[in-house]
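Visitor: need a 3D model of the following:
(one chain, ligands or ions: 1)
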Amino acid sequence: MAEDADVIVVGGGLAGLVAATELTDAGRTAILVDQEGEQSLGGQAFWSLGGLFLVDSPEQRRLGIRDSHDLAWQDWLGAADFDSDDDHWPRQWAEAYVAFAAGEKRAWLRAMGLRFFPVVGWAERGDGDAMGHGNSVPRFHVTWGAGPGVVEPFARRARAAVARGLLTFRFRHRVDALTLTHGAVDGVSGSILAPNAAARGKSSNREIVGEFALRAQAVIVASGGIGGNAELVRKNWPERLGDPPRRMVCGVPDHVDGRMIAISQRAGARLIHPDRMWHYVEGLQNWDPIWPNHGIRILPGPSSMWFDATGERLPAPLYPGYDTLGTLAHIMRTGYDYSWFVLTQSIIRKEFALSGSEQNPDLTGRSWAMTARRAIGKSAPAPVEAFKRRGADFVVRDNLEELVAGMNALAGDPLLEAAHLRRQIEARDRQFDNPFAKDMQILGIHNARKYFGDRLARVAGPHRILDPRHGPLIAVRLNILTRKTLGGLETDLDARVFGEDREIIPGLYAVGEVAGFGGGGMHGYRALEGTFLGGCLFSGRNAGRAAAAAVA
Ligand SMILES: Cc1cc2nc3c(=O)[nH]c(=O)nc-3n(C[C@H](O)[C@H](O)[C@H](O)COP(=O)(O)OP(=O)(O)OC[C@H]3O[C@@H](n4cnc5c(N)ncnc54)[C@H](O)[C@@H]3O)c2cc1C
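Guide: Numbering: from 1, shown residues only. This is a model prediction of the structure:
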């Protein structure tokens, strides 16, 4: 039977777009199939903040950060904690990816017009051990233009390939099966879904209006993770993170449904590390939701005090922005699936960033004037102030007793005692009487402020939380927010998928989140952040180039 194209790519998120454009740049023909409409091209990456992990970049060097490949690899190994036979390929992917992030990545992106915000962020500050989890130095490079700025060059290249007749889009085509001939994957089949007029990110209908089948020499699966499917998240939830949360907010659009994982398994693909995942502990219910149960993550600076649902301060080093999964495991051991930040207006003004391109109109709109406003006045950026005013998880009061009463009312359970919180906050506040201290969080704040980027834009000047000059007091209820899938389909470095028999399945490739961002889980157990978009770029590129050579 004749082929419809050289290669079929399933999924028009970042990983699929990169793979498709690498194929067509090499002169191959491709069909890009996506269950969503054209308005959603770019998938999750569009909504992302556009933060990318780069190592020893000019942006870092200009800020006095001395980074190196060896330091990044040490950090990666500490975060990943690779510990099983199934980590053979993930570890090789990790090694290749860190080399990419320390090497060609930035120049490759810049050649396509991508630019970075000059202040490098410090995400996942870690567990306090040089050989453990976390970034030793700031490495989170935010794309000028945020997520849409990352998607832009690839969407542009894809549209140019359509114009050249090398690429065909098939939107509202949902793949339900991979087809095989003599053990080789050579096509896809599925349902044609009714047209959808809903805006990007909104739920689209699943009404089936037809069927389709397409044939090619190879298929690249780029269908994303499971973060939009609470049932799958709970089913795969690992024991080491406690019981699955009863209540979670959702950090990704509906289309991140994980269906293609089981579909690929039915074609023989091997799934590894399904219980490795990356969910956040600082989720807010979006007062202005786009997708169902839409949650927004706070990317916090280090100064807020963090309490569990009963009012006990979280232990060292579980501070804001330090150790996402360590904190998640701790919270789930408390028997409650939420926790609290207590902070001041001075802290929220400087230290709350919200993840999501729509929450950062200054960066997304590439407006220097708007971005500069972050540094002046008493107010936080407008989207943060809007959450403070309208968000269901915020309590704002002038004194601690009223704040705690508001927190208890919000929780619907009088678990918190104002006197107990006061004792802990006053003890913390006394640590600011000297430029030195014993409280690890205060030491962390002093340390962060030695980095110019943090002092300028991310870490409030040291002050007492109960100092009314820095008020009002703010409490934020933090929900568990689902996001990323760290395990996935096992692949070699060309992104060729292994079968259950540990042999390569001819014709089948997997990239991006469905492949655990490379190999089946290049992050291991934990991530250093900015590595997800990067993993899509790297794995999409590898697969596109390898498949282009294979079908030549
Ligand atoms: C709000 C937000 C902020 C983020 N911020 C960052 C950040 O700053 N830095 C970072 O590194 N990462 C970030 N991420 C994570 C990152 O954006 C995603 O992990 C990444 O974009 C996933 O890309 P993907 O191509 O693998 O999958 P997706 O973007 O999920 O795309 C998969 C596509 O496949 C389609 N599809 C799925 N199944 C089928 C099927 N059966 N048939 C046809 N089509 C199908 C879907 O419709 C979708 O279009 C963020 C994510 C979000 C949501």
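
Visitor: what comes up buried for the helix or strand bottoming out on mean pLDDT in the chain?
Guide: Lowest by mean pLDDT, DSSP states H and E among the helices and strands of the chain is helix 368-372, with a mean of 86. Going by neighbour count (16 or more other C-beta atoms under 10 Å), the buried part of helix 368-372 is 370-371. For every residue, glycine as well, the C-beta is placed using N, CA and C.

Visitor: can you give me how far stretch 276-293 is from the chain middle?
Guide: 11 Å (C-alpha atoms, centre = their mean, to the nearest Å).

Visitor: next, work out how far apart the residue of the stretch 351-500 of the chain found nearest the ligand and Gly147 are.
Guide: Relative to the ligand, the nearest point of the stretch 351-500 of the chain is Gly356 (4.3 Å; C-beta to the nearest ligand atom). According to C-beta to C-beta, to the nearest Å, Gly356 and Gly147 sit 8 Å apart.

Visitor: ok, now Asp127?
Guide: 28 Å.

Visitor: ok, longest strand in this protein?
Guide: strand 473-485 (DSSP state E).

Visitor: so Asp429 sits against His470, correct?
Guide: No. The pair Asp429 / His470 is not scored as a contact, 10.7 Å apart, by C-beta atoms under 8 Å.

Visitor: need the residues touching each of these two.
Guide: Arg464 (C-beta atoms under 8 Å, 6 or more residues apart in numbering).

Visitor: what's the least confident helix or strand of the chain in contact with?
Guide: 117, 361-363.

Visitor: let's see that with 7 Å instead.
Guide: 361-363 (C-beta atoms under 7 Å, 6 or more residues apart in numbering).

Visitor: over to stretch 440-457?
Guide: 63-64, 119-120, 122, 138, 302-303, 316-317, 319, 374-375, 431-432, 437, 459, 462.

Visitor: how about Arg247, secondary structure?
Guide: Following DSSP: H, G, I helix; E, B strand; the rest coil, Arg247 is assigned to coil.

Visitor: can you redo the contacts of helix 368-372 as CSV with distance to the ligand, pLDDT and secondary structure?
Guide: Below are those laid out as CSV (distance: C-beta to the nearest ligand atom, whole Å; pLDDT from 0 to 100; DSSP: H, G, I helix; E, B strand; the rest coil):
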residue, distance to the ligand, pLDDT, secondary structure
Pro361, 14, 91, helix
Asp362, 15, 91, helix
Leu363, 11, 93, helix
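
Visitor: give me the number of residues near the residue of the stretch 351-500 of the chain closest to the ligand?
Guide: Neighbours of Gly356 under the rule other C-beta atoms under 10 Å: 23.

Visitor: and if you look at Gly540?
Guide: 31.

Visitor: what about it, distance to the ligand?
Guide: Relative to the ligand, Gly540 is positioned 7 Å away (C-beta to the nearest ligand atom, to the nearest Å).

Visitor: isn't Leu284 up against Lys388?
Guide: No. Under the criterion of C-beta atoms under 7 Å, Leu284 is not in contact with Lys388, lying 10.4 Å apart.

Visitor: between those two, who's got more neighbours?
Guide: Legend: neighbour count by other C-beta under 10 Å for Leu284 and Lys388, higher for Leu284 (23 against 20).

Visitor: for the helix or strand hosting that one, packing partners?
Guide: Leu284 belongs to strand 277-285 when elements are defined using DSSP states H and E. Applying 3 or more C-beta pairs under 7 Å, 6 or more residues apart in numbering; DSSP states H and E, we find strand 277-285 packed against strand 295-300, helix 324-333, strand 473-485.

Visitor: picking up where we left off before, shared neighbours, Gly356 and Gly147?
Guide: Shared contacts of Gly356 and Gly147 (C-beta under 7 Å, 6+ apart): 47, 49.

Visitor: mark which of the contacts of helix 368-372 are buried, thanks.
Guide: 362-363.

Visitor: show me what contacts Ala161?
Guide: 21, 24, 167.

Visitor: please redo it, this time with the cut-off set to 6 Å
Guide: By C-beta atoms under 6 Å, 6 or more residues apart in numbering, the residues touching Ala161 are 24, 167.

Visitor: that one looks like it's in a helix, true?
Guide: Yes. According to three-state DSSP, Ala161 belongs to a helix.

Visitor: and the gap between it and the ligand?
Guide: Applying C-beta to the nearest ligand atom to Ala161 and the ligand gives a distance of 17 Å.

Visitor: now do that residue, the pLDDT please.
Guide: On pLDDT, Ala161 comes in at 98.

Visitor: do you know how far it is from Tyr509?
Guide: Counting by C-beta to C-beta - Ala161 and Tyr509 are separated by 18 Å.

Visitor: then Tyr319?
Guide: 40 Å.

Visitor: these two: who's more crowded?
Guide: Neighbour count, other C-beta under 10 Å: between Tyr319 and Tyr509, Tyr509 has more, with 32 against 25.

Visitor: what angle separates the longest helix along the chain from strand 277-285?
Guide: Looking across the chain with DSSP state H, the single longest helix is helix 531-550. In terms of direction (axes from the mean of the first three to the mean of the last three C-alpha atoms, to 10 degrees), helix 531-550 departs from strand 277-285 by 130 degrees.

Visitor: alpha carbons of helix 531-550, as PDB, please.
Guide: C-alpha atoms of helix 531-550 as PDB (Å, rounded to 0.1, in the frame of the first residue of the first chain):
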ATOM      1  CA  THR A 531      14.600  20.800  31.600                       C
ATOM      2  CA  PHE A 532      11.100  19.900  30.200                       C
ATOM      3  CA  LEU A 533      11.000  22.300  27.300                       C
ATOM      4  CA  GLY A 534      14.700  21.500  26.800                       C
ATOM      5  CA  GLY A 535      13.900  17.800  26.800                       C
ATOM      6  CA  CYS A 536      11.300  18.300  24.100                       C
ATOM      7  CA  LEU A 537      13.800  20.300  22.000                       C
ATOM      8  CA  PHE A 538      16.500  17.800  22.400                       C
ATOM      9  CA  SER A 539      14.500  14.600  21.900                       C
ATOM     10  CA  GLY A 540      12.500  16.100  19.100                       C
ATOM     11  CA  ARG A 541      15.700  17.100  17.400                       C
ATOM     12  CA  ASN A 542      17.300  13.700  17.900                       C
ATOM     13  CA  ALA A 543      14.200  11.800  16.700                       C
ATOM     14  CA  GLY A 544      13.700  14.000  13.600                       C
ATOM     15  CA  ARG A 545      17.300  13.700  12.500                       C
ATOM     16  CA  ALA A 546      17.400  10.000  13.200                       C
ATOM     17  CA  ALA A 547      14.100   9.200  11.400                       C
ATOM     18  CA  ALA A 548      15.100  11.400   8.500                       C
ATOM     19  CA  ALA A 549      18.200   9.300   8.000                       C
ATOM     20  CA  ALA A 550      16.300   6.100   8.500                       C
END
